[in-house]
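Colleague: I need the structure of the sequence given here:
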Amino acid sequence: MRRNLTAYLFLAPFLLLFIVFIVVPIVLGLWISLHTWNPILPTKPFVGLDNYADLFTPGTLTGDNFWQSMGATGIFTIATFPLMLAVPLALASLLNRNIRGGSAFRSSLFAPYVLGVAVVGVMWNFFLNPQLGVVNAALQALGFEETIPWTSAMPWAWVSLVAVTVWWTAGFNTVILLAGMKGINPDLYDAAAVDGAGVWTRFWHITLPGLRPVMLFVTTLTVISSANMFGQSYLITQGGPGERTRTVIMYIAEEGLANQQMGPAAAMSYVLFAFLAIISIINFRVQREK
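Modeller: Numbering: from 1, shown residues only. All right, here's what the predicted structure looks like:
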């Protein structure tokens, strides 16, 4: 009993923070989603599942905007997911070799990740400005006469958001994958080389299977973080052109904070959570079966 009490005492600070900042908001958010919840009104009428029904009823303003923003989020997730795996995997494979300056290169790759989204958004909004941006100025100096609307026209807005996100976050996945590669037994590579296996064969049959637990973590985290993208779109394209890059988190924030419609916003959050939970479960099952 004394050992158990000591353990719970050590756990108490975390458990307190977890309950206050995770459990309570989850329960409160679910309660809000069942009401017409406007913070400035004295009454919050109970509406049951009406807020959820509106999201799945064709023709409703909230539902149409929600699914349009879900579509934009899906486009961003599908566009970034392959790059957020392929680029870090290639970089980690390069850094896994004994190359000169590997530590400095690894630090430079991870450096953008420590920047806050506000810094990244403001910086790249300046760089990608169609009229005054550094990127267009550099392209024109190289002989490109056309001014590319990086943030104000399609498909350039998506290209900008995907490229900035990969530049910003690829270092994190690279470090995680590199740590996984360091944990693979080097004797396996030596034995494969003796048997005549080439670089690609060793990568396909040793590296990738050895990285499966790490890949499960990386793929799940990448999908969740991509589906929750907010800052890049809010600061770089402002959801434009039109509302074509307005992600679901942007719309939830707009509906809940700007329009004071907390009930529908909470309902949207739980629908998004359900989608991400399903995707995560499928990913876990597929990886586990392999």
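Colleague: buried residues in the helix-or-strand element of the chain with minimal mean pLDDT?
Modeller: Taking mean pLDDT, DSSP states H and E as the measure, helix 102-110 is the helix or strand of the chain with the lowest mean score, a mean of 81. For helix 102-110, the neighbour count (16 or more other CB atoms under 10 Å) marks 106, 109 as buried. Any C-beta I mention is one placed from the backbone N, CA and C, and that applies to glycine too.
Colleague: try stretch 162-179
Modeller: So for stretch 162-179, counting by 16+ other CB under 10 Å, buried means 162-166, 168-178.
Colleague: repeat that for stretch 26-46.
Modeller: For stretch 26-46, burial by neighbour count (16+ other CB under 10 Å) applies to 29, 32, 33, 34, 35, 36, 37, 44.
Colleague: and for stretch 215-228?
Modeller: Neighbour counts using 16+ other CB under 10 Å place 215, 216, 218, 219, 220, 221, 222, 223, 226, 227 of stretch 215-228 among the buried residues.
Colleague: what of stretch 247-257?
Modeller: Neighbour count says stretch 247-257 has 247, 248, 249, 250, 251, 252, 254, 255, 256 buried, by 16+ other CB under 10 Å.
Colleague: thought the fifth one was touching residue 71?
Modeller: No: the criterion here is CB atoms under 8 Å, and residue 251 misses it with residue 71 at 11.1 Å.
Colleague: list the residues that contact both of these two?
Modeller: Common neighbours of residue 251 and residue 71 are not found (criterion: CB atoms under 8 Å, 6 or more residues apart in numbering).
Colleague: tell me the one of the buried residues of stretch 162-179 nearest residue 97?
Modeller: residue 178 (10.8 Å; CB to CB).
Colleague: quick check: nearest residue in space to the closest one, chain neighbours excluded?
Modeller: residue 92 (4.2 Å; CB to CB, 6 or more residues apart in numbering).
Colleague: what does residue 184 give?
Modeller: Using CB to CB, 6+ apart and skipping residues adjacent in sequence, the residue nearest residue 184 is residue 210, 3.9 Å away.
Colleague: who touches the one you found in this structure?
Modeller: Residue 210 makes contacts with 180, 181, 183, 184, 185, 188, as judged by CB under 8 Å, 6+ apart.
Colleague: repeat that for residue 154.
Modeller: Residue 154 is in contact with 241, 244, counting by CB under 8 Å, 6+ apart.
Colleague: cool, and residue 158?
Modeller: By CB under 8 Å, 6+ apart, the neighbours of residue 158 are 75, 76, 79, 245.
Colleague: ranking by neighbours, what's the top pick from those?
Modeller: When neighbours are counted by other CB atoms under 10 Å, residue 245 leads the contacts of residue 158 with 27 neighbours.
Colleague: for it, give me phi and psi.
Modeller: Main-chain torsions, residue 245, degrees, to the nearest 10: phi -110, psi 20.
Colleague: before we move on, the earlier item: using JSON lines, please lay out the buried residues of stretch 247-257 together with pLDDT, distance to residue 128 and secondary structure.
Modeller: Formatted as JSON lines, these follow (pLDDT from 0 to 100; distance: CB to CB, whole Å; DSSP: H, G, I helix; E, B strand; the rest coil):
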{"residue": "247", "pLDDT": "94", "distance to residue 128": "18", "secondary structure": "coil"}
{"residue": "248", "pLDDT": "95", "distance to residue 128": "23", "secondary structure": "helix"}
{"residue": "249", "pLDDT": "95", "distance to residue 128": "21", "secondary structure": "helix"}
{"residue": "250", "pLDDT": "95", "distance to residue 128": "18", "secondary structure": "helix"}
{"residue": "251", "pLDDT": "95", "distance to residue 128": "23", "secondary structure": "helix"}
{"residue": "252", "pLDDT": "95", "distance to residue 128": "25", "secondary structure": "helix"}
{"residue": "254", "pLDDT": "93", "distance to residue 128": "23", "secondary structure": "helix"}
{"residue": "255", "pLDDT": "93", "distance to residue 128": "28", "secondary structure": "helix"}
{"residue": "256", "pLDDT": "92", "distance to residue 128": "29", "secondary structure": "helix"}
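Colleague: got a markdown table for those, with distance to residue 135 too?
Modeller: Converted to a markdown table, the buried residues of stretch 247-257 look like this (distance: CB to CB, whole Å):
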| residue | distance to residue 135 |
| --- | --- |
| 247 | 23 |
| 248 | 28 |
| 249 | 26 |
| 250 | 24 |
| 251 | 28 |
| 252 | 31 |
| 254 | 28 |
| 255 | 33 |
| 256 | 34 |
